[in-house]
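Novice: here is the input, now give the coordinates:
(one chain, ligands or ions: 1)
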Amino acid sequence: MSCDWPGRWCHVQKFIERTGPFAHPDFEPSSESLGFLQETCKLLIIGAGGLGCELLKDLALIGFKNIDIIDMDTIDVSNLNRQFLFRPKDVGRPKADVAADFINTRIPGANVTPHYAKIQDYDESFYRGFHIVVCGLDSIVARRWINGMLVSMLQYEDGELQQESLVPMVDGGTEGFKGNARVILPGMTACVECTLDLYPPQVNFPLCTIAHTPRLPEHCIEYVRILLWPKEHPFGEDVPIDGDEPKHIQWIMDKSLERANEFNISGITYRLTQGVVKRIIPAVASTNAVIAAACSTEVFKLATSCTVPLNNYMNFNDTEGIYTYTFEAERKEDCMACSKIPKSITFSESDKLQDIITYLQESAEYQMKSPGLTTNIKGKNKTLYMPTIKSIEEKTRENLKKTLSELEFVNGQELYVADPTTPMTLTFKLSLGSNME
Ligand SMILES: [Zn+2]
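Specialist: Residues are numbered from 1 along each chain as shown. A predicted model of the protein is given here:
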């Protein structure tokens, strides 16, 4: 191509035009791999935020030309310190559009297509169009959804997975100074749902530490937030804490300082107070850079087979020194997404429909957000509860209070569950005990 100057790809060619000790067993050095990488291979980057900007830059510089990037957000002024494809003049514009424009202008030959949309706006036919999906997301729900989509695209013939239906997913995540990169081959290696317990629900400090033995400035702020605010009602009865209200944050900070002085703890600032109250984990540009580099390397390996890919989960932590660790996350035999075993749940006849919904939300295994349930009673489809559509929610709300026997459930009743965490409808088999409390 005209935009290729002599030696432009010589560093990439060193990896794909000769073999090496870490090469994949099936790897054959060839001068054609570069053509595949540049002209044929289609990548999808999900997220155009801190990780997404890094991923797009890395992958475009490696030589991937056909890249789509999807993000539903617009640029906020607070993004500019690390989302380096954006400038002050871009504030308010869609992240995907600006990121694509920047790379297309800056890197000759790049062909980036933006999508200012939610991943849920597209269906299977869209996702089938890509060779590899790379995620730089900060949302677990979105990560679970795209994982479910890629798993649902798998095709089997006589129980054999059809390789061409498999779209690998490279997933990066960062939180402050910690990050991880993982390679998911849906149907073959552990998927997001197989390892759902790696994303524990919100970590809180133990209440006894907050109340009796604070050691950190955060403990003092939590003390004021959890124990003092409801006792003192500083802004009137029933006034909840508003993390964006400076008077509230100031009050919490002043009280936290008093407590911190009592225990000789330093480090309380307005910023920290607001951070703890609003549960903000600072985004760190260097962590994003490291994780995006690791993910982009994995994409390169998957696209060319020049090296064996990561197997399959890498943790990175530079809170104190630098630490990385790689392990093989294992598939869960009865994974909700990638195994084909229907899930079974056990309830008693006197339990209520609400109990099932609460269980689906609170169990570490499912962590659903707002499950909707349907079933089949005497050959007829019946909507039990549907939280997402207001009129149906109102009509089905009273079912929540009904017991399972009032709902005429039988042992082995199949429940079909829809939830924002997955594009699929999940089937649960209910085993119904009689009145065991
Ligand atoms: Zn799985």
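Novice: do you know how far residue 304 is from residue 207?
Specialist: 52 Å (C-beta to C-beta, to the nearest Å). Where C-beta positions appear, they are placed from N, C-alpha and C, glycine not excepted.
Novice: all helices of the protein, in order?
Specialist: 10-16, 33-35, 50-62, 95-106, 124-127, 140-152, 207-212, 217-223, 229-232, 246-262, 270-277, 285-304, 353-362, 390-396 (DSSP state H).
Novice: residue ranges with poor pLDDT in the protein?
Specialist: Confidence mapping of the chain against pLDDT under 70 gives the ranges 1-2, 199-203, 434-437.
Novice: which bits of the stretch 51-200 of the chain sit near the ion?
Specialist: Proximity of the stretch 51-200 of the chain to the ion, by C-beta under 5 Å from the ion, involves residues 191, 193, 194.
Novice: list buried residues within these.
Specialist: 191, 193, 194 (16 or more other C-beta atoms under 10 Å).
Novice: just the ones in strands from those, please.
Specialist: In strands, judged by DSSP state E, none of those are found.
Novice: returning to what we had before: now the helices of the chain as a markdown table including distance to residue 165?
Specialist: As requested, those are exported to a markdown table (distance: least, C-beta to C-beta, whole Å):
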| stretch | distance to residue 165 |
| --- | --- |
| helix 10-16 | 25 |
| helix 33-35 | 23 |
| helix 50-62 | 23 |
| helix 95-106 | 27 |
| helix 124-127 | 11 |
| helix 140-152 | 10 |
| helix 207-212 | 49 |
| helix 217-223 | 47 |
| helix 229-232 | 53 |
| helix 246-262 | 51 |
| helix 270-277 | 44 |
| helix 285-304 | 16 |
| helix 353-362 | 29 |
| helix 390-396 | 34 |
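Novice: could you dump those helices to CSV with mean neighbour count?
Specialist: Formatted as CSV, the helices of the chain follow (neighbours: other C-beta atoms under 10 Å):
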stretch, mean neighbour count
helix 10-16, 16
helix 33-35, 16
helix 50-62, 25
helix 95-106, 20
helix 124-127, 14
helix 140-152, 22
helix 207-212, 13
helix 217-223, 24
helix 229-232, 12
helix 246-262, 18
helix 270-277, 19
helix 285-304, 22
helix 353-362, 17
helix 390-396, 13
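Novice: who's in contact with stretch 217-234?
Specialist: Residues outside stretch 217-234 that contact it (C-beta atoms under 8 Å, 6 or more residues apart in numbering) are 204-205, 207, 209-211, 214, 239, 241, 251-253, 255-257, 259-260, 263, 265-268, 272-273, 276-277.
Novice: restricting to those, which residues neighbour the ion?
Specialist: Applying C-beta under 5 Å from the ion, the subset of those adjacent to the ion is empty.
Novice: who does residue 343 bridge with?
Specialist: With DSSP bridges as the criterion, residue 343 is bridged to residue 428.
Novice: which residues does it contact?
Specialist: Here residue 343 is in contact with 334, 336, 426, 427, 428, 429 (C-beta under 8 Å, 6+ apart).
Novice: the second one touches residue 195, doesn't it?
Specialist: Read that as residue 336. No. Counting by C-beta atoms under 8 Å, residue 336 does not reach residue 195; the two are 11.7 Å apart.
Novice: not counting its neighbours along the chain, what's nearest residue 107?
Specialist: Distance criterion C-beta to C-beta, 6 or more residues apart in numbering; nearest residue to residue 107, sequence neighbours excluded, is residue 60 at 4.9 Å.
Novice: what of residue 43?
Specialist: Spatial nearest neighbour of residue 43, chain neighbours left out: residue 67 (4.8 Å); criterion: C-beta to C-beta, 6+ apart.
Novice: ok, residue 336 and residue 195, which is more surrounded?
Specialist: Higher neighbour count among residue 336 and residue 195: residue 336, with 24 against 18, using other C-beta atoms under 10 Å.
Novice: measure stretch 180-188 end to end?
Specialist: Terminal residues of stretch 180-188 lie 20 Å apart, using C-alpha to C-alpha, to the nearest Å.
Novice: now stretch 17-32
Specialist: Its start and end residues considered, stretch 17-32 measures 9 Å (C-alpha to C-alpha).
Novice: what does that stretch contact?
Specialist: 13, 16, 33, 34, 301, 304, 305, 306, 307, 308, 309.
Novice: again, only this time at 7 Å
Specialist: Stretch 17-32 has contacts (C-beta atoms under 7 Å, 6 or more residues apart in numbering) with 16, 305, 306, 307, 308.
Novice: from those residues, keep the buried residues only.
Specialist: Neighbour-count burial (16+ other C-beta under 10 Å) applied to the contacts of stretch 17-32 gives 16, 305, 306, 307.
Novice: for residue 111, which non-adjacent residue is spatially closest?
Specialist: Closest to residue 111 by C-beta to C-beta, 6+ apart is residue 65, at 4.9 Å.
Novice: ok, now which ones touch that neighbour?
Specialist: Here residue 65 is in contact with 38, 39, 109, 110, 111 (criterion: C-beta under 7 Å, 6+ apart).
Novice: quick check: residue 412 touching residue 429?
Specialist: Yes. Judged on C-beta atoms under 7 Å, residue 412 makes contact with residue 429 at a distance of 6.1 Å.
Novice: give me the more crowded residue out of those two.
Specialist: Applying other C-beta under 10 Å to residue 412 and residue 429 shows that residue 429 carries more neighbours, namely 15 against 10.
Novice: if we ignore the residues flanking it in sequence, what's nearest the more buried one?
Specialist: Of all residues not flanking residue 429 in the chain, residue 344 sits nearest, at 4.6 Å (C-beta to C-beta, 6+ apart).
Novice: give me the number of residues near the one you found?
Specialist: Residues near residue 344, counting by other C-beta under 10 Å: 11.
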